[in-house]
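Novice: Build me a model:
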Amino acid sequence: MNETPVAQDEVRRVRRLTLWLGGGALLLAAALAAMPLLANRPRPAPDVTITLLNGSQPSVAELRGQVVLVSFWSTTCAPCMEEMPALIAFHERNGPRGLRTLAVAMKHDPADRVLGFTQRHRLPFEVALDTQGNVAQAFSRTEVTPTKFLIDREGRIVKTFVGSTHFGELQQRVDALLAG
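Specialist: Numbering: from 1, shown residues only. Next up, the predicted model:
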């Protein structure tokens with residue numbers, strides 16, 4: 001059975017499309033597999049100003065020379081509330097050693113609710129309101145809470161934790177940064 005030239009052209013087009021789609025799927029799979037590795041390569045922390053509940057407004061650039069944990073959270077986030085006692089204990093252990101913890105409330109969290117929670121639970125770290133979402137936007141367009149960014153003394157994000165935090169791994173990384 002001989003194929004017509006039109007049929008042969010169609011067969012060639014289908015083969016090229018199949019190869020292209022297969023190659024595209026392979027590239028997509030490779031990119032997705034590499035994302036966790038790329039997300040945790042040291043990269044400069046954004047230079048954004050953070051408004052703290054006490055009224056001060058440090059910029060991330062001003063925090064250079066310190067090990068900093070920036071934690072995005074919300075009073076309406078169940079995993080955030082579940083891990084809050086662990087974050088408090090973590091800060092109480094590491095704050096005196098030189099870790100600066102900034103808890104950034106998301107823009108949808110009402111200021112009075114954040115302030116009330118902070119006072120009721122006597123949060124031992126600095127709390128910020130991100131009323132416009134500028135801080136979350138600057139930090140990789142953060143939308144998922146809890147999300148934490150660990151910043152080294154050179155002002156580089158060295159680890160990002162998305163979702164519930166593995167505090168054992170975080171402790172190891174903070175120990176190494178504070179020792180160095």
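
Novice: show me where pLDDT drops low in this protein?
Specialist: Within the chain, the stretches with pLDDT under 70 are 1-11, 13-40.

Novice: Show me how the record splits it into domains.
Specialist: Using automatic domain parsing, the domains assigned to the chain come out as 1-39, 43-179.

Novice: what's the most buried one of the ones you listed?
Specialist: domain 43-179 (a mean of 17; mean count of other C-beta atoms under 10 Å). All C-beta spots, glycine's among them, are computed from the backbone N, C-alpha and C.

Novice: Endpoints of it, how far apart?
Specialist: End-to-end distance of domain 43-179 (C-alpha to C-alpha, to the nearest Å): 20 Å.

Novice: Likewise for stretch 149-156?
Specialist: 10 Å.

Novice: and that stretch, how far from the chain's centre?
Specialist: Its chain's average C-alpha position is 12 Å from that of stretch 149-156, according to C-alpha atoms, centre = their mean, to the nearest Å.

Novice: How about stretch 50-57?
Specialist: Relative to its chain's centre, stretch 50-57 lies at 20 Å (C-alpha atoms, centre = their mean).

Novice: hmm, who's touching it?
Specialist: 49, 58-60, 102, 104, 114-115, 118, 126-131, 135 (C-beta atoms under 8 Å, 6 or more residues apart in numbering).

Novice: Go again with 6 Å.
Specialist: When contacts are defined by C-beta atoms under 6 Å, 6 or more residues apart in numbering, stretch 50-57 is touched by residues 49, 58, 126, 127, 128, 129, 135.

Novice: So which elements touch the host helix or strand of the last one?
Specialist: Put plainly, it is residue 135. Residue 135 belongs to helix 134-138 when assigned by DSSP states H and E. Applying 3 or more C-beta pairs under 6 Å, 6 or more residues apart in numbering; DSSP states H and E, one finds that helix 134-138 contacts no other helix or strand.
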